[in-house]
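> Coordinates only, no sequence provided:
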């Protein structure tokens, strides 16, 4: 009687051991192979961690640093800026790829109440008004509040100074002094746009280009 | 009695194994979680390091601009020939280089006698001979012209001419579109440019390098004087490299054009042509 009881106990223990082994295996599988899936599912929700903002900061700074307009006159087709889309023609240098591309920052509503900032490159496009069919793109930031892009431009009218606007307009004001990202009603990031004179215009006109209005970027 | 005790001991052995299994499972789960957290922390740290390095390099650019704008003869001015200047800051080290664009050969204004020997020296690794170099030198201005009438960079011109991206990048140190004359400034020209000037032998180049380092007047240069002029500016290239104590690095390269004359205690206005992160 006692022996049968003991056998039952051994069987139960063996079953427990097997169950634990299976549990361990499942845990390991989910921990190791599921890491990627886990991080992606987190990305699908709102991303507000430090790494996401650093990525957004880098995307914004790269966009602002890529100004290649050849003068004030043709900034219109080289730079487009609205609250949801910023596009600019970039001539890559030193990257081994000399094909011009349109660098784009775009805000999209990816789900109900979730907004994403997407950085994209449209290769082979020399005009910011045209995009490629298959752009190379990455979602750099997600938020529960609407994301908006802003541009620091001269004040409208005869007023001296600069103001933040949600659109670059017709291009008469030239290249913005800086661009920024706003989430909800909070301004989160800004990046300065440094170039003031077009190098390619200066190359064509010589030192006199420094005084030419059409070589000025803003 | 003895049998019962032995059986109890065997049962205890199973319990121990069970507890060990559970402990092992928990340990593995915690280890996996810690590994993930560590990986994320390392990623953030690297990003923060890169952002700090870029900020430090930007400080280096500002210091270099102030250096470039000095006009007071009592203040030390850094050479404009690409000599590195090192600054030790609290965050790390910044090395900046100032390069005068008149020290480079202008591909739009210089004749083929000047461009071709420079191309042979620059594209040595690609096996460009003197014949090929003359052919490219004749057409290089056309390669630099953009369809809208503006002028592209040296990089764009050379890649269009069929040179590799690496050679085109290197050529940017010796060729320019922003010298605006056919002559080269011997006080700021890199060694490769001086070597390419017809009429300058290796001993002349060494003498120029030695004399300009000491600030002495340059020697008489005979027929080569036709290609040389001690005029600097208005366009300069600044390269600032930041190295943080943690090892993070960033390199920023800016092209600036001096505008007007210095006034009010040496304040100089510079137009910024481009700022790009090289690394």
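In hand now; what should we look at? Values in this document were obtained by computation on a predicted structure and should not be read as measured data.
> alpha carbons only for contacts and neighbour counts from here, please
Will do.
> From the chain's centroid, how far away is the longest strand along chain B?
If you go by DSSP state E, chain B has its longest strand at strand B:249-263. Chain-centre distance of strand B:249-263: 14 Å, with Cα atoms, centre = their mean, to the nearest Å.
> Which secondary structure elements does it sit against?
helix B:2-68, strand B:235-244, strand B:267-277 (3 or more Cα pairs under 8 Å, 6 or more residues apart in numbering or on different chains; DSSP states H and E).
> Is the longest one positioned near chain A?
Which is helix B:2-68. Yes. If you take Cα under 8 Å from any Cα of the partner chain as the test, helix B:2-68 does meet chain A, through B:11, B:14-15, B:18, B:21-22, B:25, B:28-29, B:32-33, B:36, B:43-44, B:47-48, B:51.
> Tell me where chain B is predicted with low confidence.
B:1-13, B:125, B:260-268 (pLDDT under 70).
> List the residues that contact the one residue sitting closest to the centre of it.
The centroid of chain B falls nearest to residue B:239 when counting by Cα atoms, centre = their mean (5.3 Å). Residues in contact with residue B:239, defined by Cα atoms under 8 Å, 6 or more residues apart in numbering or on different chains, are B:61, B:96-98, B:251-254.
> Residue A:87 and residue A:107 touch, don't they?
No. Residue A:87 sits out of contact with residue A:107 when judged by Cα atoms under 8 Å, with a separation of 11.8 Å.
> Can you pull the residues of the stretch 101-250 of chain B lying near chain A?
B:149-153, B:155-156, B:159, B:164-166, B:168-169, B:177-178, B:180, B:234.
> List only buried entries from the residues you listed.
B:150-153, B:155-156, B:159, B:165, B:168-169, B:177-178, B:180, B:234 (16 or more other Cα atoms under 10 Å in any protein chain shown).
> Quick check: phi and psi at the closest residue to residue B:145 other than its chain neighbours.
Closest residue in space to residue B:145, ignoring its immediate chain neighbours: residue B:151 at 4.8 Å, by Cα to Cα, 6 or more residues apart in numbering or on different chains. In terms of degrees, to the nearest 10, the main-chain angles of residue B:151 are phi -110, psi 130.
> surely residue B:151 meets residue A:200?
Yes. Using Cα under 8 Å, residue B:151 is in contact with residue A:200, at 4.5 Å.
> before we move on, the earlier item: widest-spaced pair of the buried ones among the residues of the stretch 101-250 of chain B next to chain A?
Farthest apart among these by Cα to Cα are B:165 and B:234. That separation is 27.4 Å.
> on that earlier part again, from chain A, how far off is the residue nearest to the centre of chain B?
According to Cα to the nearest Cα, to the nearest Å, residue B:239 and chain A sit 15 Å apart.
> beta partners for that residue?
Note on residue B:239: beta-bridge partners residue B:97, residue B:253, judged by DSSP bridges.
> quick revisit: higher neighbour count, residue A:87 and residue A:107?
Between residue A:87 and residue A:107, counting by other Cα atoms under 10 Å in any protein chain shown, residue A:87 is the more crowded of the two (26 against 22).
> Give the closest residue to the more buried one in space, chain neighbours not counted.
Using Cα to Cα, 6+ apart, the nearest residue to residue A:87 is residue A:104, at 4.4 Å.
> who's the one you found bridged to?
Beta-bridge pairing of residue A:104 under DSSP bridges involves residue A:87, residue A:120.
> can you pull out the helices in the stretch 51-200 of chain B?
Here the stretch 51-200 of chain B has its helices, by DSSP state H, counting those that start in this stretch, at B:112-122, B:130-144, B:154-160, B:165-171, B:191-196.
> Of all these, which one is nearest residue A:78?
Short answer: helix B:154-160, nearest of the helices of the stretch 51-200 of chain B by Cα to Cα, at 18.2 Å.
> Show me what the closest one is packed against.
Using 3+ Cα pairs under 8 Å, 6+ apart as the test, helix B:154-160 ends up in contact with helix B:130-144, helix B:165-171.
> Export those helices to TSV and append columns for distance to residue A:163.
Formatted as TSV, the helices and strands packed on helix B:154-160 follow (distance: least, Cα to Cα, whole Å):
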stretch	distance to residue A:163
helix B:130-144	37
helix B:165-171	38
